[in-house]
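Chemist: return atomic coordinates for the entry below.
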Amino acid sequence: MFHLANLNFMDVDRLSKSGRTVIVVPIGSVEEHGPHLPLGLDTFAAEVYAEEIAPHLEQQGFDVILAPSIYYGVAQQALGFPGTLTVKSNTLTSLLIDVGSSLSSHGFKRLVMLNGHRDLEHMGAISRAVESLNASGLDVVSVGFVSDSKTTAVCFRQGMDGISRSTRPEMEGHAGEWETSLALHSFPDLVDGEIAQSLQPNVSYDLDAFRAESVNYQILSNGTGYFGSPGVATTETGRRLLTIRGRNMADIILKAFTPEDKGK
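Modeler: Have a look, this model is predicted:
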């Protein structure tokens with residue numbers, strides 16, 4: 001895997017002309033994730049998922065370039081917490097179109113938008129950018145949290161049966177067991193483990209309101225900023241979760257970018 005920001009323009013020119021390169025753009029947010037996790041978790045998660053999917057794509061003959069991450073997203077639900085930043089959905093759509101158009105102008109044909117942040121407006125903004133870029137001739141696939149709930153479920157929940165240590169796995173959400181486990185495995189220095197262990201499960205919140213985003217996180221979590229059971233998170237759960245989800249996302253990408261078309 002290559003990092004776009006670390007390459008020189010001659011390297012980029014060579015890779016753009018190879019006919020087998022896939023660019024991955026991690027997309028996240030700067031948003032509260034409880035008292036125990038960093039504001040940048042969604043972006044950090046998108047980055048580690050990108051690193052996890054890269055070997056799957058490389059095994060099928062593709063070169064993978066990781067573009068600089070998009071840290072700013074639509075995060076209205078958590079704006080009541082200090083540090084959360086949000087942009088307008090049209091701003092995000094325009095930014096993604098501009099990034100994709102720039103890559104296309106340099107000869108790249110395949111782009112993956114890997115989103116680590118769940119917000120309905122945020123996901124809608126990405127969908128509009130994908131639609132616009134696909135219409136322009138670029139081949140774009142969106143994975144992670146996307147507007148299509150079935151695709152999101154395949155990315156994040158397929159193959160996860162039996163992994164959770166929570167008493168209510170279906171209630172594990174924002175900053176709960178799974179996000180905390182991923183952080184413990186992938187960027188443990190940014191986790192306040194002592195606080196995480198002390199947090200009581202929040203598994204009786206209004207799940208429908210959470211999914212519909214009809215009540216903001218400040219109210220819905222009673223000011224705690226997390227949903228689920230971060231106290232039962234483990235490094236091993238995070239490792240297993242990353243492996244499964246990385247494979248799920250890679251499978252979706254490979255169905256869109258089949259090995260037969262990598263020479264186009």
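Chemist: all strands for the chain, in order.
Modeler: For the chain, the strands defined by DSSP state E cover 2-3, 21-27, 63-66, 110-115, 139-144.
Chemist: show me what the third one packs onto, helices and strands only.
Modeler: Secondary-structure packing of strand 63-66 (3 or more C-beta pairs under 8 Å, 6 or more residues apart in numbering; DSSP states H and E): strand 2-3, strand 21-27, helix 41-59. Using the backbone N, CA and C atoms, a C-beta is placed for each residue, glycine as well.
Chemist: over to the shortest one?
Modeler: Contacting strand 2-3 under the criterion 3+ C-beta pairs under 8 Å, 6+ apart are the following elements: strand 63-66.
Chemist: burial check on residue 159, number of neighbours?
Modeler: Neighbour count of residue 159, defined by other C-beta atoms under 10 Å: 15.
Chemist: my read is that it contacts residue 244, right?
Modeler: Yes - using C-beta atoms under 8 Å, residue 159 is in contact with residue 244, at 4.6 Å.
Chemist: tell me the contacts of residue 11?
Modeler: residue 2 (C-beta atoms under 8 Å, 6 or more residues apart in numbering).
Chemist: roughly how far apart are it and residue 55?
Modeler: Note on residue 11: its distance to residue 55, by C-beta to C-beta, to the nearest Å, is 20 Å.
Chemist: what's the answer for residue 139, then?
Modeler: Taken as C-beta to C-beta, the span from residue 139 to residue 55 is 21 Å.
Chemist: who has more neighbours out of these two?
Modeler: Of the pair residue 139 and residue 55, residue 139 is the one with more neighbours under other C-beta under 10 Å, namely 17 against 12.
Chemist: name the nearest residue to that one, ignoring sequence neighbours.
Modeler: residue 110 (4.9 Å; C-beta to C-beta, 6 or more residues apart in numbering).
Chemist: assess the claim that that neighbour and residue 257 are in contact.
Modeler: Yes - here residue 110 lies in contact with residue 257, judged by C-beta under 8 Å, at a distance of 5.4 Å.
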